[in-house]
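Student: Here's a sequence, model it:
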Amino acid sequence: MAIQPLLTIDLPGVKKLKSGKVREVFDLGEHLLFVATDRISAFDVIMPNGIPRKGEVLTQLSHFWFDQTESLVPNHRVLRAGDPLPTSLAAYAPQLERRSMIVKKAKPLAIECVVRGYLAGSGWKEYKASRTVCGIPLPAGLQESSELPEPIFTPATKAETGHDENISFEQAAQIVGREIAEKVRDLSLKIYTHARAYARQRGIIIADTKFEFGLYEGQLILIDEVLTPDSSRFWPADQYQPGRGQPSFDKQFVRDYLETLDWDKTPPGPMLPPEVVEKTQAKYLEAYRRLTGREL
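Tutor: Residues are numbered from 1 along each chain as shown. Here you go, the predicted structure:
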């Protein structure tokens, strides 16, 4: 029997603070409980059916990268991947297993920290129009999916609904303060450079990614999910070819399918057919397998 996707979760007796596009956030008092569902969104619309085990991939891959990067920057984890749940949550272990993370109550910064190493998505559109990305001038002659001369930090605003908006570094500094903006820029570039080199050895190009940082007891820490197929573009290195869009290990496959439909990209989203669900699930699981060297 096929595994059913977990689309929503409630824990009687545990206060739910927020239900995002993918994640449910619960209040544990001193800490927060993040639970990644199997929901999938595209064009800022949540699809009516999800991708089984997707939440497990997001959570376990974040655990993996937190392990890899904690020497570069502290993070918000309270428990590691193999640690037992607190006794207060033991009754919910079957629902929470492999898809939950207990974290510190940090105050998130009001910007997204995006790093781009290749020219894709909104960056490619802007480059074609003005030869810049987020106002940063780039050399002439780059193609779609070209590797940039060096990775660039391109922050964005956080949107509760709708799209995040790309902003300049100066705008980011006005929002969070120059000192913090410089710190998160340097940390973002350092983490991305480290992760990109590691992933390349595993046959994956990390074209771009998005980090979130928060303040906890006066310290800047890495929060949210890290270097997952939902927060990054993962391309298979053996199929990489500049001058076109790339096959990917993320939800681009879902976006490509939706582009073939007569759908205006407003809610409700259309049901995804079984073959699209299965192919997308396989891509998420393959990304996990390649990066960690383990089966999920």
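
Student: and residue 115, bridged to which residues?
Tutor: Residue 115 has the following beta-bridge partners by DSSP bridges: residue 153, residue 209.

Student: so it touches residue 188, yeah?
Tutor: Yes. Between residue 115 and residue 188 there is a contact at 5.0 Å, judged by C-beta atoms under 8 Å. No exception for glycine: its C-beta is placed from N, CA and C like everyone else's.

Student: Can you check which residues contact both of the two?
Tutor: Any residue near both residue 115 and residue 188 by C-beta atoms under 8 Å, 6 or more residues apart in numbering counts here, and that gives 153, 211.

Student: what residue ranges in the protein score low on pLDDT?
Tutor: Across the chain, the ranges flagged by pLDDT under 70 are 1-2, 160-163.

Student: and it, what are its domains?
Tutor: Annotated domains of the chain cover 15-105, 108-249 [automatic domain parsing].

Student: Throw these into a markdown table and include mean neighbour count and distance to residue 281, thanks.
Tutor: Formatted as a markdown table, the domains of the chain follow (neighbours: other C-beta atoms under 10 Å; distance: least, C-beta to C-beta, whole Å):
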| stretch | mean neighbour count | distance to residue 281 |
| --- | --- | --- |
| domain 15-105 | 18 | 5 |
| domain 108-249 | 17 | 11 |
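
Student: Which one, of those domains, ends up nearest to residue 3?
Tutor: domain 15-105 (4.3 Å; C-beta to C-beta).

Student: Quote the end-to-end distance of that closest one.
Tutor: Distance across domain 15-105, first residue to last, is 15 Å (C-alpha to C-alpha, to the nearest Å).

Student: tell me how far that domain is from the chain's mean position?
Tutor: In terms of C-alpha atoms, centre = their mean, to the nearest Å, the centre of domain 15-105 is set 12 Å apart from its chain centre.

Student: Helices along this structure, start to end?
Tutor: With helices called from DSSP state H, the chain shows them at 54-69, 93-96, 121-130, 169-176, 178-201, 252-259, 274-292.

Student: Reformat these as JSON lines; add distance to residue 19.
Tutor: Listed next are these as JSON lines, based on distance: least, C-beta to C-beta, whole Å:
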{"stretch": "helix 54-69", "distance to residue 19": "13"}
{"stretch": "helix 93-96", "distance to residue 19": "15"}
{"stretch": "helix 121-130", "distance to residue 19": "26"}
{"stretch": "helix 169-176", "distance to residue 19": "26"}
{"stretch": "helix 178-201", "distance to residue 19": "27"}
{"stretch": "helix 252-259", "distance to residue 19": "20"}
{"stretch": "helix 274-292", "distance to residue 19": "21"}
